[in-house]
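[1] Below is the sequence, then the predicted model.
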Amino acid sequence: MAGWRHLGRDTMLGARKTLGLSVETMGRRLNVSSKTWDRWERAGRVPELMVGLVAEVLSLEIVPNERRRIVDEGPS
């Protein structure tokens, strides 16, 4: 199962509208249905595998999540 990257509904919608792109155009540019794009946008998230392409189409800079390593040292 693919992971999801939360970008935020307002970010996704705002970027698309700023560029004057319709839901249908987004679907075509991402090679998904317009319904799929609409669902992603309303949820404010995209599949991890699509992050780069979405960033390119919407002219967004998306930085990778920083992960912290937590070591369980067991009982003290």
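    Received, thanks.
[2] Please name the residues that touch the nearest residue to Leu58 once chain neighbours are set aside.
    Once flanking residues are discounted, Leu58 sits nearest to Ala15: 4.0 Å by CB to CB, 6 or more residues apart in numbering. Backbone N, C-alpha and C define where each C-beta goes, glycine included. Contact partners of Ala15, counting by CB atoms under 8 Å, 6 or more residues apart in numbering, are Leu58, Ser59, Leu60.
[3] Now secondary structure too, for those residues, in CSV please.
    Output for the contacts of Ala15, formatted as CSV (DSSP: H, G, I helix; E, B strand; the rest coil):
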residue, secondary structure
Leu58, helix
Ser59, coil
Leu60, coil
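[4] Could I have the buried ones of the residues you listed as ChimeraX selection syntax?
    What follows is the ChimeraX syntax for the buried subset of the contacts of Ala15, where burial is set by 16 or more other CB atoms under 10 Å:
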select :58
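[5] could you measure the residue nearest to Leu58 against Arg42, distance?
    As judged by CB to CB, to the nearest Å, Ala15 and Arg42 stand 15 Å apart.
[6] same question, Leu21
    16 Å.
[7] From the chain's centroid, how far away is the host helix or strand of Arg16?
    Counting by DSSP states H and E, the element that carries Arg16 is helix 9-18. Chain-centre distance of helix 9-18: 11 Å, with CA atoms, centre = their mean, to the nearest Å.
[8] and the next element down the chain from it?
    helix 23-30.
[9] Report all helices and strands that that following helix contacts.
    Counting contacts by 3 or more CB pairs under 8 Å, 6 or more residues apart in numbering; DSSP states H and E, helix 23-30 packs against helix 34-43, helix 51-58.
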